[in-house]
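Student: Can you look at this prediction? I've put the sequence above it.
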Amino acid sequence: MALVEPMAVLDESASWRDLAVRSFASSIIDAPTVRRHKLSNTEISHQNYVLVRVMLENGVEGYGEASTLGGPRWAEESVESIKSVIDSYLAPALAGCHAASFEQNAIRLSKAASRNNAAKAAIEAALFDAVGKSLGLPAPALLGGAVRSSLSIIWALASGDAGQEIEEAKKKIEKREHRRFKVKIGFADPKTDIQRLTRIRTALGPDVEVIVDVNQAWSEATAMRWLPAFDELGISLIEQPLPAAQIEQLGRIAARTSIPVMVDEAVFTSADIIRAGQAGAGSVISLKLVKSGGLLELKRAAGVASAVGMELYGGCLLESGIGAAAHLAVFSTLPKMEWGTEQFGPKILVNDLVLEGPTYRDFEIHLPEGPGLGLVLDEDRIKHLTRAG
Ligand code: MUC
Ligand code: MG
């Protein structure tokens with residue numbers, strides 16, 4: 001069946017035609033973080049992004065961002081591959097297309113490249129931003145409308161140094177920024193992780209929520225051996241303890257422990273979510289644009305996850321204010337968002353890439369106001385952090 005442009009069937013007015021895509025530009029940005037951030041399989045002191053700018057025929061510019069963690073390690077995409085796929089395949093596929101044909105454009109992107117989800121999500125975010133700005137509507141209004149303007153916000157403790165982490169958490173609580181924490185583990189042996197968690201839990205007290213993210217580092221046997229100790233520490237959620245492919249094993253673990261299990265790297269597509277649901281592999285899902293490949297698909301993923309009985313957690317990949325705003329545009333429209341979000345990325349950067357964007361106060365992240373994604377970029381900072389060549 002042929003694709004139909006809305007400008008051909010809905011409106012022949014100049015203003016509607018002005019929403020055609022004139023051009024895309026992409027650049028790589030290396031932004032320093034306030035401290036090292038450790039995961040089971042990588043460690044960063046700079047966060048790498050691909051910034052996408054779309055220009056429409058009406059002269060309106062929209063912004064999107066693809067985030068990675070320490071190269072092609074958390075997932076297969078790197079900033080170098082993302083930029084190359086955007087420049088060579090995705091941007092040409094949308095040349096001259098109507099920016100508000102969101103579903104048709106998603107089909108075009110999936111025909112131009114399989115997977116490459118972070119790259120596609122950055123393009124789609126830029127389109128939502130540009131269309132929203134052109135119509136004077138916030139991006140959530142193009143996604144069904146917001147049902148909330150803020151979400152409870154989690155912070156990740158990930159230096160691996162318990163003393164530093166306790167001090168960091170106490171400051172966050174004192175400043176009323178965060179009182180829920182996710183501790184990254186799996187880069188040390190489980191016994192050392194338990195000792196670190198015990199120190200953190202003892203210092204912060206029983207009322208502070210502690211989640212752990214193992215980032216696939218354990219085997220089923222290790223999880224069976226050590227999860228009871230995590231239970232004793234009152235951990236509220238355990239994220240992706242086993243390798244992504246081990247769905248049945250994860251199901252067995254989830255059936256044995258009283259701590260809810262969250263699936264992250266195991267679920268990219270809606271089919272993955274259904275398989276995880278059928279295997280009972282998790283009762284919570286971490287939603288991320290880099291996995292879903294776009295705002296529309298992220299919203300669909302949330303629907304599928306809810307339908308298989310999973311609760312929703314707003315994940316992140318340490319996005320700047322640009323990517324955080326794109327996630328919030330979707331999260332704000334979901335009927336339920338039981339676990340809030342960890343979109344703390346802008347605060348882990350020495351300097352965010354936006355002058356105006358999401359804000360943090362009273363233990364919540366607040367949606368930006370204004371049309372599109374509601375962003376004002378810090379162009380001087382971006383210029384300074386843009387990778388040469
Ligand atoms: C992940 O696996 O959740 C998100 C926060 C963080 O500290 O790491 C990332 C990726
Ligand atoms: Mg995770």
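Tutor: Cool, the structure landed. Ligands and ions are numbered 1, 2, ... in the order given.
Student: Backbone dihedrals for the residue in the stretch 101-250 of the chain that ligand 2 sits nearest to, please?
Tutor: In the stretch 101-250 of the chain, the residue that lies nearest ligand 2 is D213 (4.4 Å; Cβ to the ion). C-betas here are computed from N, CA, C, even on glycine. Dihedral pair for D213: phi -120, psi 120, per degrees, to the nearest 10.
Student: same deal with S292?
Tutor: Torsion angles at S292 (phi, psi; degrees, to the nearest 10) stand at phi -80, psi -30.
Student: May I ask which helix or strand encompasses the nearest residue to it once chain neighbours are set aside?
Tutor: Spatial nearest neighbour of S292, excluding adjacent residues (Cβ to Cβ, 6 or more residues apart in numbering): L298 at 4.0 Å. Using DSSP states H and E, L298 maps to helix 295-307.
Student: cool, A276 as well?
Tutor: Secondary structure (DSSP H and E) places A276 in helix 270-278.
Student: what angle separates the helix holding L298 from helix 270-278?
Tutor: On the basis of axes from the mean of the first three to the mean of the last three Cα atoms, to 10 degrees, helix 295-307 is oriented at 20 degrees to helix 270-278.
Student: tell me what the helix or strand just after helix 295-307 is packed against?
Tutor: Per DSSP H and E, the first helix or strand lying C-terminal to helix 295-307 is strand 311-314. For strand 311-314, the helices and strands in contact under the criterion 3 or more Cβ pairs under 8 Å, 6 or more residues apart in numbering; DSSP states H and E are strand 284-287, helix 295-307.
Student: Including distance to V183 and mean neighbour count, could these go into CSV?
Tutor: Below are these laid out as CSV (distance: least, Cβ to Cβ, whole Å; neighbours: other Cβ atoms under 10 Å):
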stretch, distance to V183, mean neighbour count
strand 284-287, 15, 25
helix 295-307, 24, 20
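Student: where does the stretch 1-150 of the chain have low pLDDT?
Tutor: Counting by pLDDT under 70, the stretch 1-150 of the chain has low-confidence residues at 1-14.
Student: where along it do the strands fall?
Tutor: In the stretch 1-150 of the chain, strands defined by DSSP state E, counting those that start in this stretch lie at 21-39, 42-56, 61-68, 150-152, listed in chain order.
Student: Tell me the gap between the helix holding A276 and the middle of its chain.
Tutor: Relative to the chain's own centre, helix 270-278 is displaced by 19 Å; criterion: Cα atoms, centre = their mean, to the nearest Å.
Student: Is there any residue in stretch 316-325 that contacts ligand 1?
Tutor: Yes: legend: contact between stretch 316-325 and ligand 1 by Cβ under 6 Å from any ligand atom is shown at C316, L317.
Student: Thanks a lot, see you next time.
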